[in-house]
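**Student:** dropping the sequence and predicted coords here.
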Amino acid sequence: MRILITGGAGFISKHLTSLLCIQGHDVVWLDNLDPQVHEQNISEIVSSNPTVKVQVGDVCDRQALMKAIEGVDAVFHFAALTGTGQSMYQVAHYTNVNVGGTGLLWDILANEPHQVKKVLVASSRSIYGEGAYLCSAQCGPVVPVPRGKVQLEQHNWSLTCPKCGVVAEPIATPETSYPQPASLYACSKLAQEQMSITMGKALGISTVALRFQNVFGPGQSLKNPYTGIISIFSNQMRQGLPVNIYEDGEETRDFVYVGDIADICARSLALDVDSLVVNVGSGIATKVIDLAGHLKLLWNSQSPIKVTGDFRVGDIRHNWAGLSQLNQLFPDWQPTPLLLGLEKFVDWAKTQSEYEDRSMVAVQELKKRNL
């Protein structure tokens, strides 16, 4: 197959490209090489990916996207702005790129000649908001209301049952959980997948929305101060800088190794479905304070780890993936253990340049907007 990956120079895309090329597919990249994320210039990217057709262009540029789609059988639509905090004040920019770029893709597929038979969209666990919980009284499974600024200012981190008000306990979030985005980024990812499922059904194009959890691994950006907690912590630890843990450190995330994500993406090409939404993660909840401890040992760092009680409006408390559907689709698939994945990431990161820690710049951008 000839396969287009929008956002092709991203770190997930690069791992996926390696698998696809091994399997004999031809791969085309469309990427605008946003300097906030990418360290390499176009000549370095082309020389390091000789089997890939690299097209520099924006997913919001109709002519660039039409050119990239020529002769393509399948599209991995990965191009998007990422970062919860940044999305809360770059509202129009995130909407224009994430929603507008997706709309443009489907506008072309609806109105221009093409041979695309399958579209796979990179969605996000963020669309769930706080995700699935179990009422500790008698209400059963519930979806709590996202925490507001007033609650966070009171350092009241817990979620409560929306029906009876008692404290609720987090459980793995299945695909059937009601979406309740807590950030503009999450809103844009939900829009991406809903637009794609709707248009795919209408046009008879098989469409799969993959709801990624927190993806990490070799190749991810080490200089972006707005997203990627493992990169941010690592950048601080290798320089002996203080590591700021938000809330009380007990909040959890589902960290999934990038090689596992690439594997599922490549396998999903063969799924014979009209449309499908599926979680992709490790299925394991990891506390942020524990993650910081693992990284500190791997970096052999002297960085003090500080639990400060800081917060960001739009952040969630807990979320990890329910994987029953993924396991039914690919029963032989097993996620990489977290510690093994972290070891691979740190081994790679040690070979990369150190970057100025700009995490406080990102924090100040939020504070001055009362976020």
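**Tutor:** Thanks, I have the structure now. Numbering: from 1, shown residues only.

**Student:** how about Gly148: what's its closest non-neighbour residue?
**Tutor:** Excluding its sequence neighbours, the residue lying closest to Gly148 (Cβ to Cβ, 6 or more residues apart in numbering) is Val313, at 7.9 Å. Heads up, the C-betas are built off the backbone N, CA and C, glycines and all.

**Student:** so what's the spatially most distant residue from the centre of the chain up against?
**Tutor:** In the chain, Gln138 marks the outermost C-alpha relative to the chain mean, sitting 34.0 Å out by Cα atoms, centre = their mean. Counting by Cβ atoms under 8 Å, 6 or more residues apart in numbering, Gln138 touches Cys164.

**Student:** ok, it to Asp310 distance?
**Tutor:** Noted for Gln138: a distance of 35 Å to Asp310, by Cβ to Cβ, to the nearest Å.

**Student:** in what helix or strand does the residue nearest to Leu366 when sequence neighbours are not counted lie?
**Tutor:** Once flanking residues are discounted, Leu366 sits nearest to Gly85: 5.4 Å by Cβ to Cβ, 6+ apart. Under the criterion of DSSP states H and E, Gly85 resides in helix 84-87.

**Student:** check His15 too.
**Tutor:** Counting by DSSP H and E, the element that carries His15 is helix 11-22.

**Student:** following element in sequence after that helix, please.
**Tutor:** Next along from helix 11-22, by DSSP H and E: strand 26-31.

**Student:** pull up the pairing partners for that next one, direction included.
**Tutor:** When pairs are called by DSSP bridges, strand 26-31 turns out to pair with strand 2-6 (parallel), strand 53-56 (parallel).

**Student:** isn't the residue nearest to Leu366 up against Phe311?
**Tutor:** No - taking contacts as Cβ atoms under 8 Å, Gly85 lies outside contact range of Phe311: 10.7 Å.

**Student:** who has more neighbours, these two?
**Tutor:** Looking at Gly85 and Phe311 with other Cβ atoms under 10 Å, you find the greater number of neighbours at Gly85, namely 23 against 19.

**Student:** what's the spacing between that one and Pro225?
**Tutor:** For Gly85, the distance to Pro225 equals 10 Å [Cβ to Cβ].

**Student:** what residues are shared contacts of these two?
**Tutor:** Shared contacts of Gly85 and Pro225 (Cβ under 8 Å, 6+ apart): Ala362.

**Student:** show me what Glu169 bridges to in the sheet.
**Tutor:** Counting by DSSP bridges, Glu169 is bridged to Leu134.

**Student:** for it, what are its contacts?
**Tutor:** Glu169 touches Tyr133, Leu134, Ser136, counting by Cβ under 8 Å, 6+ apart.

**Student:** once you drop chain neighbours, what's closest to Arg312?
**Tutor:** Among residues not flanking Arg312 along the chain, Gly85 sits closest, at 5.2 Å (Cβ to Cβ, 6+ apart).

**Student:** which residues touch that neighbour?
**Tutor:** So Gly85 contacts Ser183, Tyr226, Arg312, Gly314, Ala362, Glu365, Leu366, Leu371 (Cβ under 8 Å, 6+ apart).

**Student:** which of the residues you listed fall within strands?
**Tutor:** Among these, no residue falls in strands (DSSP state E).

**Student:** show me where the stretch 151-300 of the chain has its strands.
**Tutor:** 168-170, 206-212, 214-216, 243-245, 252-253, 255-257, 275-280, 286-287 (DSSP state E, counting those that start in this stretch).

**Student:** same list, those, but as JSON lines with distance to Leu342 and mean pLDDT please.
**Tutor:** JSON lines is the format used below for these (distance: least, Cβ to Cβ, whole Å; pLDDT from 0 to 100):
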{"stretch": "strand 168-170", "distance to Leu342": "23", "mean pLDDT": "96"}
{"stretch": "strand 206-212", "distance to Leu342": "18", "mean pLDDT": "98"}
{"stretch": "strand 214-216", "distance to Leu342": "8", "mean pLDDT": "97"}
{"stretch": "strand 243-245", "distance to Leu342": "15", "mean pLDDT": "95"}
{"stretch": "strand 252-253", "distance to Leu342": "13", "mean pLDDT": "97"}
{"stretch": "strand 255-257", "distance to Leu342": "8", "mean pLDDT": "98"}
{"stretch": "strand 275-280", "distance to Leu342": "19", "mean pLDDT": "98"}
{"stretch": "strand 286-287", "distance to Leu342": "10", "mean pLDDT": "98"}
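
**Student:** which of the ones you listed sits closest to Val116?
**Tutor:** strand 206-212 (9.7 Å; Cβ to Cβ).

**Student:** give me the angle between that closest one and helix 11-22.
**Tutor:** 130 degrees (axes from the mean of the first three to the mean of the last three Cα atoms, to 10 degrees).

**Student:** point out the other helices and strands that strand 206-212 packs with.
**Tutor:** The contact analysis (3 or more Cβ pairs under 8 Å, 6 or more residues apart in numbering; DSSP states H and E) places strand 206-212 against strand 118-124, helix 184-203, helix 258-268, strand 275-280.

**Student:** who touches the longest one?
**Tutor:** Outside of helix 184-203, the residues that reach it under the criterion Cβ under 8 Å, 6+ apart are 77, 80-84, 86-88, 91, 94-95, 98-99, 102-103, 106, 109-110, 119, 121, 123-124, 126-127, 129, 179, 181, 205-207, 209, 211, 274-275, 277, 314.
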